[in-house]
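S.K.: Build me a model:
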Amino acid sequence: QLWLDQKLVERTDRLIGNSVAVADFYQSIGYPADRISVIPNGIDVPEPTPFDRDALLAEFEIPRGVPVIGFVGRMAKQKRVDDLVFAMALVAILRPDAHMLLVGEGPERDKLMKFARDINIDSHTRFIGHRADAARLLRIMDLFWIASDFEGQSNSIMEAMAAGLPVIATDIPPNRELVIDGETGF
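M.R.: Below is the predicted model:
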(Lines give C-alpha, C1' and ligand atoms only; values in the text may rest on other atoms or scores of the structure.)
Protein backbone atom coordinates (compact mmCIF):
# COMPACT_ATOMS: atom_id res chain seq x y z
CA GLN A 1 0.00 0.00 0.00
CA LEU A 2 2.81 2.42 0.86
CA TRP A 3 4.49 1.74 -2.50
CA LEU A 4 1.24 2.53 -4.30
CA ASP A 5 0.68 5.65 -2.17
CA GLN A 6 4.16 6.91 -3.13
CA LYS A 7 3.53 6.23 -6.83
CA LEU A 8 0.25 8.16 -6.73
CA VAL A 9 1.48 11.25 -4.85
CA GLU A 10 1.64 13.37 -8.01
CA ARG A 11 -1.87 12.32 -9.03
CA THR A 12 -3.41 12.91 -5.61
CA ASP A 13 -5.25 16.17 -4.98
CA ARG A 14 -5.78 15.56 -1.27
CA LEU A 15 -4.69 12.85 1.13
CA ILE A 16 -6.97 12.30 4.12
CA GLY A 17 -5.40 10.87 7.26
CA ASN A 18 -7.48 9.68 10.19
CA SER A 19 -5.00 11.04 12.74
CA VAL A 20 -2.32 13.71 12.99
CA ALA A 21 0.21 10.87 13.22
CA VAL A 22 -0.90 9.51 9.83
CA ALA A 23 -0.71 12.98 8.30
CA ASP A 24 2.78 13.48 9.77
CA PHE A 25 3.89 10.10 8.42
CA TYR A 26 2.75 10.88 4.88
CA GLN A 27 4.34 14.31 5.04
CA SER A 28 7.62 12.65 6.11
CA ILE A 29 7.62 10.47 2.98
CA GLY A 30 7.04 13.33 0.61
CA TYR A 31 3.37 14.29 0.48
CA PRO A 32 3.09 18.08 0.46
CA ALA A 33 1.66 19.32 3.76
CA ASP A 34 -0.78 21.63 1.98
CA ARG A 35 -2.42 18.61 0.33
CA ILE A 36 -2.94 16.63 3.56
CA SER A 37 -6.01 16.89 5.78
CA VAL A 38 -6.99 15.07 8.95
CA ILE A 39 -10.49 13.75 9.52
CA PRO A 40 -10.44 11.70 12.74
CA ASN A 41 -12.41 8.47 12.95
CA GLY A 42 -15.79 8.58 14.61
CA ILE A 43 -17.62 5.89 16.47
CA ASP A 44 -21.22 5.21 17.35
CA VAL A 45 -21.72 5.38 21.08
CA PRO A 46 -24.56 2.99 21.85
CA GLU A 47 -27.11 3.87 24.46
CA PRO A 48 -26.47 1.84 27.61
CA THR A 49 -28.98 -0.95 27.88
CA PRO A 50 -29.58 -3.23 30.84
CA PHE A 51 -27.54 -6.39 30.79
CA ASP A 52 -26.66 -9.22 33.11
CA ARG A 53 -22.88 -9.11 33.65
CA ASP A 54 -22.85 -12.43 35.47
CA ALA A 55 -24.71 -14.13 32.60
CA LEU A 56 -22.21 -12.77 30.07
CA LEU A 57 -19.29 -13.90 32.22
CA ALA A 58 -20.86 -17.34 32.51
CA GLU A 59 -21.26 -17.48 28.70
CA PHE A 60 -17.46 -17.27 28.44
CA GLU A 61 -16.80 -19.44 31.50
CA ILE A 62 -15.28 -16.53 33.41
CA PRO A 63 -15.95 -16.64 37.16
CA ARG A 64 -17.93 -13.83 38.77
CA GLY A 65 -15.99 -11.13 40.58
CA VAL A 66 -12.66 -11.58 38.79
CA PRO A 67 -10.79 -8.87 36.88
CA VAL A 68 -11.38 -9.08 33.12
CA ILE A 69 -8.79 -7.62 30.76
CA GLY A 70 -10.00 -7.20 27.21
CA PHE A 71 -8.82 -6.79 23.66
CA VAL A 72 -11.06 -6.12 20.67
CA GLY A 73 -9.51 -6.09 17.24
CA ARG A 74 -8.11 -7.91 14.30
CA MET A 75 -5.74 -10.71 15.21
CA ALA A 76 -2.91 -9.76 12.88
CA LYS A 77 0.84 -9.46 13.44
CA GLN A 78 0.79 -5.65 13.68
CA LYS A 79 -1.59 -5.89 16.67
CA ARG A 80 0.98 -7.89 18.69
CA VAL A 81 -1.70 -9.92 20.43
CA ASP A 82 0.99 -12.51 21.18
CA ASP A 83 2.59 -9.93 23.49
CA LEU A 84 -0.75 -9.48 25.25
CA VAL A 85 -1.12 -13.24 25.72
CA PHE A 86 2.43 -13.45 27.10
CA ALA A 87 1.79 -10.46 29.37
CA MET A 88 -1.35 -12.20 30.62
CA ALA A 89 0.83 -15.09 31.77
CA LEU A 90 2.78 -12.60 33.87
CA VAL A 91 -0.38 -10.91 35.17
CA ALA A 92 -1.74 -14.32 36.21
CA ILE A 93 1.27 -14.83 38.47
CA LEU A 94 0.30 -11.73 40.45
CA ARG A 95 -3.47 -12.05 39.97
CA PRO A 96 -4.31 -15.74 39.49
CA ASP A 97 -7.99 -14.83 39.30
CA ALA A 98 -7.56 -12.44 36.31
CA HIS A 99 -8.93 -13.43 32.89
CA MET A 100 -8.45 -12.08 29.41
CA LEU A 101 -11.23 -11.80 26.83
CA LEU A 102 -9.98 -11.56 23.24
CA VAL A 103 -12.62 -10.49 20.74
CA GLY A 104 -11.82 -10.69 17.04
CA GLU A 105 -10.71 -12.78 14.11
CA GLY A 106 -7.66 -12.68 11.90
CA PRO A 107 -4.81 -14.64 10.41
CA GLU A 108 -2.99 -15.05 13.74
CA ARG A 109 -5.91 -16.39 15.79
CA ASP A 110 -5.07 -20.10 15.60
CA LYS A 111 -1.39 -19.44 16.37
CA LEU A 112 -2.36 -17.27 19.32
CA MET A 113 -4.65 -19.95 20.74
CA LYS A 114 -1.84 -22.50 20.42
CA PHE A 115 0.59 -20.06 22.03
CA ALA A 116 -1.78 -19.59 24.99
CA ARG A 117 -1.92 -23.39 25.41
CA ASP A 118 1.86 -23.72 25.04
CA ILE A 119 2.54 -21.23 27.84
CA ASN A 120 -0.25 -22.64 30.01
CA ILE A 121 -2.35 -19.48 30.07
CA ASP A 122 -5.30 -20.88 28.10
CA SER A 123 -7.30 -21.32 31.32
CA HIS A 124 -7.11 -17.53 31.76
CA THR A 125 -7.76 -16.52 28.13
CA ARG A 126 -10.94 -16.63 26.09
CA PHE A 127 -10.72 -16.29 22.31
CA ILE A 128 -14.31 -15.63 21.31
CA GLY A 129 -13.93 -14.62 17.66
CA HIS A 130 -15.76 -11.84 15.88
CA ARG A 131 -18.81 -10.58 17.73
CA ALA A 132 -21.40 -8.13 16.48
CA ASP A 133 -22.02 -7.21 20.13
CA ALA A 134 -18.42 -6.18 20.92
CA ALA A 135 -19.62 -2.85 22.37
CA ARG A 136 -21.75 -4.76 24.88
CA LEU A 137 -18.82 -7.02 25.75
CA LEU A 138 -16.69 -4.01 26.63
CA ARG A 139 -19.03 -3.53 29.57
CA ILE A 140 -17.84 -6.74 31.25
CA MET A 141 -14.18 -5.71 30.96
CA ASP A 142 -12.31 -3.89 33.69
CA LEU A 143 -9.39 -2.84 31.51
CA PHE A 144 -8.66 -2.59 27.78
CA TRP A 145 -5.28 -3.59 26.32
CA ILE A 146 -3.90 -2.89 22.86
CA ALA A 147 -0.31 -3.49 21.78
CA SER A 148 -0.24 -2.46 18.13
CA ASP A 149 3.04 -1.63 16.41
CA PHE A 150 1.20 0.86 14.23
CA GLU A 151 -2.32 2.19 13.81
CA GLY A 152 -4.03 4.97 11.94
CA GLN A 153 -6.43 5.82 14.72
CA SER A 154 -7.76 2.99 16.83
CA ASN A 155 -11.53 2.66 16.86
CA SER A 156 -11.05 -0.01 19.54
CA ILE A 157 -9.44 2.50 21.90
CA MET A 158 -12.20 5.04 21.27
CA GLU A 159 -14.90 2.42 21.83
CA ALA A 160 -13.23 1.24 25.06
CA MET A 161 -12.95 4.81 26.31
CA ALA A 162 -16.59 5.49 25.39
CA ALA A 163 -17.47 2.46 27.55
CA GLY A 164 -15.56 4.07 30.44
CA LEU A 165 -12.64 1.62 30.41
CA PRO A 166 -9.11 2.54 31.35
CA VAL A 167 -6.82 1.80 28.40
CA ILE A 168 -3.29 0.46 28.29
CA ALA A 169 -1.88 1.06 24.82
CA THR A 170 1.46 1.00 23.09
CA ASP A 171 3.21 4.35 23.11
CA ILE A 172 2.84 5.16 19.41
CA PRO A 173 1.88 8.60 18.04
CA PRO A 174 -1.75 7.86 17.09
CA ASN A 175 -2.44 6.27 20.48
CA ARG A 176 -0.99 9.36 22.17
CA GLU A 177 -3.69 11.39 20.42
CA LEU A 178 -6.32 9.35 22.29
CA VAL A 179 -4.74 8.21 25.56
CA ILE A 180 -3.38 10.79 27.97
CA ASP A 181 -0.75 8.85 29.92
CA GLY A 182 -1.64 8.57 33.58
CA GLU A 183 -4.98 10.31 33.12
CA THR A 184 -7.15 8.35 30.67
CA GLY A 185 -4.89 5.34 30.51
CA PHE A 186 -1.29 4.30 30.19
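S.K.: residues near residue 100, how many?
M.R.: 26 (other CB atoms under 10 Å). No exception for glycine: its C-beta is placed from N, CA and C like everyone else's.
S.K.: Please verify my assumption that residue 80 contacts residue 147.
M.R.: Yes: Residue 80 lies in contact with residue 147 (CB atoms under 8 Å); the separation is 4.0 Å.
S.K.: Who are the packing partners of the helix or strand containing residue 156?
M.R.: Assigned by DSSP states H and E, residue 156 falls within helix 155-162. If contacts are counted by 3 or more CB pairs under 8 Å, 6 or more residues apart in numbering; DSSP states H and E, helix 155-162 sits against strand 68-72, helix 134-138, strand 143-146, strand 167-169.
S.K.: And the contacts of stretch 82-95?
M.R.: Contact with stretch 82-95 is made by 67, 69, 71, 98, 100, 102, 108, 111-112, 115-116, 119-121, 124-125, 145, 147, as judged by CB atoms under 8 Å, 6 or more residues apart in numbering.
S.K.: Recalculate using a threshold of 7 Å.
M.R.: With CB atoms under 7 Å, 6 or more residues apart in numbering as the test, stretch 82-95 has contacts from 67, 69, 71, 98, 100, 112, 115-116, 119, 121, 124-125, 145, 147.
S.K.: Look up the residues forming beta bridges with the residue nearest the centre of the chain.
M.R.: Central residue of the chain (CA atoms, centre = their mean): residue 146, 4.2 Å from the mean position. On the basis of DSSP bridges, residue 146 is bridged to residue 169.
S.K.: What's the separation between it and residue 59?
M.R.: 23 Å (CB to CB, to the nearest Å).
S.K.: same check, this time on residue 94
M.R.: 26 Å.
S.K.: neighbour-wise, which of the two wins?
M.R.: More crowded of residue 94 and residue 59, by other CB under 10 Å: residue 59, with 13 against 7.
S.K.: Going along the chain, name the strands of this structure.
M.R.: Taking DSSP state E to define them, one finds strands in the chain at 15-17, 36-38, 68-72, 99-103, 125-129, 143-146, 167-169.
S.K.: Looking at these, spot the one closest to residue 183.
M.R.: Nearest to residue 183 among those is strand 167-169 (10.8 Å), distances taken as CB to CB.
S.K.: packing partners for that closest one?
M.R.: With contacts taken as 3 or more CB pairs under 7 Å, 6 or more residues apart in numbering; DSSP states H and E, strand 167-169 sits against strand 143-146, helix 155-162.
S.K.: now do 10 Å
M.R.: strand 143-146, helix 155-162, helix 173-176 (3 or more CB pairs under 10 Å, 6 or more residues apart in numbering; DSSP states H and E).
S.K.: looking at the ones you listed, which is buried most?
M.R.: Comparing those by mean neighbour count (mean count of other CB atoms under 10 Å), strand 143-146 ranks first with a mean of 23.
S.K.: Great, nothing more from me.
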